[in-house]
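Student: Structure for this input, please:
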Amino acid sequence: MFNKLFGNKKKSKTQQGQIETITLNIKGMTCDHCATSIEKKVSTLDGIIEEKVSYPEESGGFRFDASKTSRDAIINTINALGSYQVLGETGANGHLEEKRSPVSSKNKESGQFFDLIIIGGGSAAFAAAIQAEELGLSTLMVNAGLPIGGTCVNVGCVPSKYLIRAAESIRRASFSPFDGITTKKPDWDYKKIIQQKKALVGELQKKKYLDIVGDLSNVKVVVGWAKFTSEKTIIVGDETYTGLKFILATGATTYIPDYEGLKEVDYLTNVSLFDLEEQPESLIILGAGYIALEIAQAYNRFGTNVQIVHRSERILRSQMPDITDELHKHLTNDGIDIQLNNTIQKVSKSGNKVNVEAIQNGQPKSYEATHILVATGTQPNSRGIGLEEIGVELGPKGHIKVNSKQETSLPHIYAVGDCTNTPAFVYTAAYEGKIAVQNAFSGKMIDADYTGLPWVIFTDPQVAGAGMDEKAAEEAGIPYETSVVPLTEVPRSQAALDTRGFIKLIRNPETDKLIGARIVAPEGGELAMQASLAIKYSIPVEDLANSFHPYLTLSEGIKLAAITFHKDVAELSCCAS
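Tutor: Numbering: from 1, shown residues only. So this is what the prediction gives:
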């Protein structure tokens, strides 16, 4: 076995001491990368002359100077990696001369051992489970908190976009910019709208999650809170499970600030608001990020009196001032009361009203509504599952620290999605779940690449983007210049009599490569992917300016913004370049 592993490979680290060779039976390897990892670790021992590990043979051959190291030192080094276990030493006859039972063997025999344990049940977890199924891995998915499907289908993307579209229907029926069209505010039954939302969520949860996991023959799902008792073992209720490798996909929940009295009032979050069958008469929203703004506009269009109470001087602080100022203008034109620069002092309830006392620009201010929604950001679900006890490093806000391969501080534990400090989108979470499994078991070692990442905020007008903005380019030391085209210059917007917003492109003038785009426009999210692909594949801005874009489409605005780097489009005829 030893000669088979080494072949004709010759290597000499020392000419002194007593040279010995051993061949070990190693369990737990799932790919050639595992074998390479063992070789690298053992090679660091003083006295190792030669090492060769074979994943298919489940064996490792080692030649060493017995005066500097020992069989036990090699075995202990392999076992200390956590993912692998030396079962014994193979003699000249090819049989095991010594058997060492791994700690997890009892669990493995009883069906409690898995190649992969996923903690979480949302999009990242499912992407990981599907990839694990393709690799033939025995997989355990442990879910708690939200139902299977996680935030997106249950309390996030699906219900929020459904309600936004429902509210848009009311808006469109109530308003038209075209002369000769008489509008009338429609009737609606809010309770039926919410009930239809619940039915949609149930249907998608079954179709996209429950049915799918039911078809994964190697995946077992258990419901309950998982907690690590060691680096390789978790408990769920009364059951103990052991895993070769782990993926943490625990997501995030609404951050609840420590305002006096807040916990004593029946505050809402997106989890509870979207199931409320009685429409709020009035609503205070704490926060002004994308979740707060999407909800504010939707409920305002349903007829709820909405006030945004925010601590900062701008809404949507993650974006540049030109973006936030433009959106602020349109939201206030819609009738949303936006109150900035507030320091919350106290929250209380009087009768059926919630009261918020604050200091605004140095002056006392009070706000009142029938309901209050907390939308002050999110916090990762990383506490209470034993991560710190086993040595998984967390960031200052509780995010699980990962590298570009989704690896945590422990080599056999990966983390993906909103519990990490990577971009918090459902599609990035799924992407991370997939590559985490590939990195853990296939040895591909894929780096997560967010170049040109597209995103959308579903207000009206929508805010969308891809790549860097000016601030990010400046921080990265990349030269940049911008081009801005107001929608008043985009033929599609002119014909629709809706010229709210603008399109901004950001390029590197030294290379003419697009490095970012920001869009404020009705349905502006449909432009994000065009910008994303241009950034990812280094398409010169000149090529965007010279490309064919169908006339009277919003996408033509990208072409016009590209042209604007060199020409004033206001002086061009239609379709000219």
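
Student: Looks like residue 417 contacts residue 429 (just checking).
Tutor: Yes: shown here, residue 417 and residue 429 form a contact pair, counting by Cβ atoms under 8 Å, at 3.6 Å. All C-beta atoms are positioned from the backbone trio N, CA, C, and that covers glycine.

Student: Identify the contacts common to these two.
Tutor: 122, 123, 124, 249 (Cβ atoms under 8 Å, 6 or more residues apart in numbering).

Student: what's the most distant pair in those residues?
Tutor: The span of the shared contacts of residue 417 and residue 429, defined through Cβ to Cβ, is set by 123 and 249 at 8.4 Å.

Student: okay, residue 417 and residue 429: which has more neighbours?
Tutor: residue 417 (35 against 30; other Cβ atoms under 10 Å).

Student: Just list the residues touching that one, thanks.
Tutor: Residue 417 touches 120, 122-125, 249-251, 424, 428-429, 432-433, counting by Cβ under 8 Å, 6+ apart.

Student: Could you dump those residues into a markdown table with secondary structure, pLDDT and distance to residue 239 added?
Tutor: Below are those laid out as a markdown table (DSSP: H, G, I helix; E, B strand; the rest coil; pLDDT from 0 to 100; distance: Cβ to Cβ, whole Å):
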| residue | secondary structure | pLDDT | distance to residue 239 |
| --- | --- | --- | --- |
| 120 | coil | 97 | 17 |
| 122 | coil | 96 | 22 |
| 123 | helix | 96 | 26 |
| 124 | helix | 97 | 23 |
| 125 | helix | 97 | 19 |
| 249 | coil | 98 | 20 |
| 250 | coil | 98 | 19 |
| 251 | coil | 97 | 22 |
| 424 | coil | 94 | 31 |
| 428 | helix | 97 | 32 |
| 429 | helix | 97 | 27 |
| 432 | helix | 98 | 27 |
| 433 | helix | 97 | 24 |
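
Student: Dump these to CSV, plus distance to residue 170.
Tutor: Shown next, in CSV, are the contacts of residue 417 (distance: Cβ to Cβ, whole Å):
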residue, distance to residue 170
120, 36
122, 31
123, 30
124, 34
125, 36
249, 37
250, 37
251, 32
424, 30
428, 32
429, 32
432, 37
433, 37
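
Student: tell me which of those residues is nearest to residue 291?
Tutor: residue 424 (10.7 Å).

Student: Quick one: residues contacting the spatially closest residue to that closest one that is not a sequence neighbour.
Tutor: Of all residues not flanking residue 424 in the chain, residue 418 sits nearest, at 5.0 Å (Cβ to Cβ, 6 or more residues apart in numbering). For residue 418, the contacting residues are 124, 151, 251, 252, 378, 380, 381, 424, 429, by Cβ under 8 Å, 6+ apart.

Student: Mind checking which of these are buried?
Tutor: Using 16 or more other Cβ atoms under 10 Å as the burial test, these include 124, 151, 251, 252, 378, 380, 381, 424, 429 as buried.

Student: how near is the last one to residue 226?
Tutor: The one in question is residue 429. Applying Cβ to Cβ, to the nearest Å, the value for residue 429 to residue 226 is 18 Å.

Student: re earlier: just to be sure, the residue nearest to residue 424 is in a strand?
Tutor: No: counting by DSSP: H, G, I helix; E, B strand; the rest coil, residue 418 is not part of a strand but helix.

Student: Quick one: list the elements packing against the helix ranked longest in the chain.
Tutor: The longest helix of the chain (DSSP state H) is helix 157-174. In this structure, helix 157-174 packs against helix 190-205, helix 290-302, with contacts taken as 3 or more Cβ pairs under 8 Å, 6 or more residues apart in numbering; DSSP states H and E.

Student: the strands in the stretch 351-500 of the chain, which residues?
Tutor: Listed in chain order, the strands of the stretch 351-500 of the chain (DSSP state E, counting those that start in this stretch) span 353-360, 363-369, 371-374, 378-380, 413-415, 454-457, 462-467, 481-486.

Student: Paired strands for the second one, with orientation please.
Tutor: Read it as strand 363-369. With DSSP bridges as the test, strand 363-369 is paired with strand 353-360 (antiparallel).

Student: Same question for the strand it pairs with: list its buried residues.
Tutor: Buried, per 16+ other Cβ under 10 Å, within strand 353-360: 354, 355, 356, 357, 358, 360.

Student: Format the residues you listed as JSON lines; extra columns: pLDDT and distance to residue 516.
Tutor: JSON lines is the format used below for the buried residues of strand 353-360 (pLDDT from 0 to 100; distance: Cβ to Cβ, whole Å):
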{"residue": "354", "pLDDT": "98", "distance to residue 516": "40"}
{"residue": "355", "pLDDT": "98", "distance to residue 516": "43"}
{"residue": "356", "pLDDT": "98", "distance to residue 516": "37"}
{"residue": "357", "pLDDT": "98", "distance to residue 516": "41"}
{"residue": "358", "pLDDT": "98", "distance to residue 516": "36"}
{"residue": "360", "pLDDT": "97", "distance to residue 516": "34"}
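
Student: could the residues you listed go into CSV alongside distance to residue 500?
Tutor: Converted to CSV, those look like this (distance: Cβ to Cβ, whole Å):
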residue, distance to residue 500
354, 32
355, 35
356, 31
357, 35
358, 30
360, 28
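
Student: Out of those residues, the closest to residue 456 would be?
Tutor: Relative to residue 456, and with distances defined as Cβ to Cβ, the nearest of these is residue 356, at 30.3 Å.

Student: Ignoring the adjacent residues along the chain, who's closest to the closest one?
Tutor: residue 367 (4.4 Å).

Student: count of residues packed around the one you found?
Tutor: If we define neighbours as other Cβ under 10 Å, then residue 367 has 22 of them.

Student: just the strands in the stretch 201-350 of the chain please.
Tutor: Under DSSP E, counting those that start in this stretch, the stretch 201-350 of the chain gives strands at 219-223, 226-230, 233-236, 239-248, 252-254, 282-286, 305-309, 337-339, 342-350.

Student: so who does residue 27 touch?
Tutor: Contacts of residue 27 by Cβ under 8 Å, 6+ apart are 58, 84, 85, 86, 87, 102.

Student: Tell me the one of those nearest residue 392?
Tutor: Checking the contacts of residue 27 one by one against residue 392 (Cβ to Cβ), the nearest turns out to be residue 84, at 19.5 Å.

Student: I figured that closest one was touching residue 24, is that so?
Tutor: No: the pair residue 84 / residue 24 is not scored as a contact, 10.1 Å apart, by Cβ under 8 Å.

Student: any common contacting residues for these two?
Tutor: Joint contacts of residue 84 and residue 24 (Cβ under 8 Å, 6+ apart) are residue 78.

Student: who touches residue 540 in this structure?
Tutor: Taking Cβ under 8 Å, 6+ apart as the test, what residue 540 contacts is 511, 512, 513, 514.

Student: rerun at 7 Å
Tutor: 512, 513 (Cβ atoms under 7 Å, 6 or more residues apart in numbering).

Student: now do residue 220
Tutor: Contacts of residue 220 (Cβ under 7 Å, 6+ apart): residue 140.

Student: Show me what it is bridged to.
Tutor: residue 140.

Student: Can you dump the C-alpha atoms of stretch 393-411 in CSV for me?
Tutor: Taking Å, rounded to 0.1, in the frame of the first residue of the first chain, the C-alpha atoms of stretch 393-411 are listed here in CSV:
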residue,chain,number,x,y,z
GLU,A,393,-15.2,33.8,15.6
LEU,A,394,-18.0,36.5,15.5
GLY,A,395,-17.8,40.1,14.4
PRO,A,396,-18.6,43.1,16.8
LYS,A,397,-22.3,43.0,15.7
GLY,A,398,-22.5,39.2,15.9
HIS,A,399,-21.9,38.3,12.3
ILE,A,400,-20.1,35.1,11.7
LYS,A,401,-16.7,35.9,10.3
VAL,A,402,-16.0,34.1,7.0
ASN,A,403,-13.4,34.4,4.3
SER,A,404,-14.0,34.5,0.5
LYS,A,405,-14.6,30.8,0.5
GLN,A,406,-17.3,31.0,3.2
GLU,A,407,-15.0,29.3,5.7
THR,A,408,-15.2,30.3,9.4
SER,A,409,-12.3,30.2,11.9
LEU,A,410,-12.9,26.4,12.1
PRO,A,411,-11.9,24.6,8.9
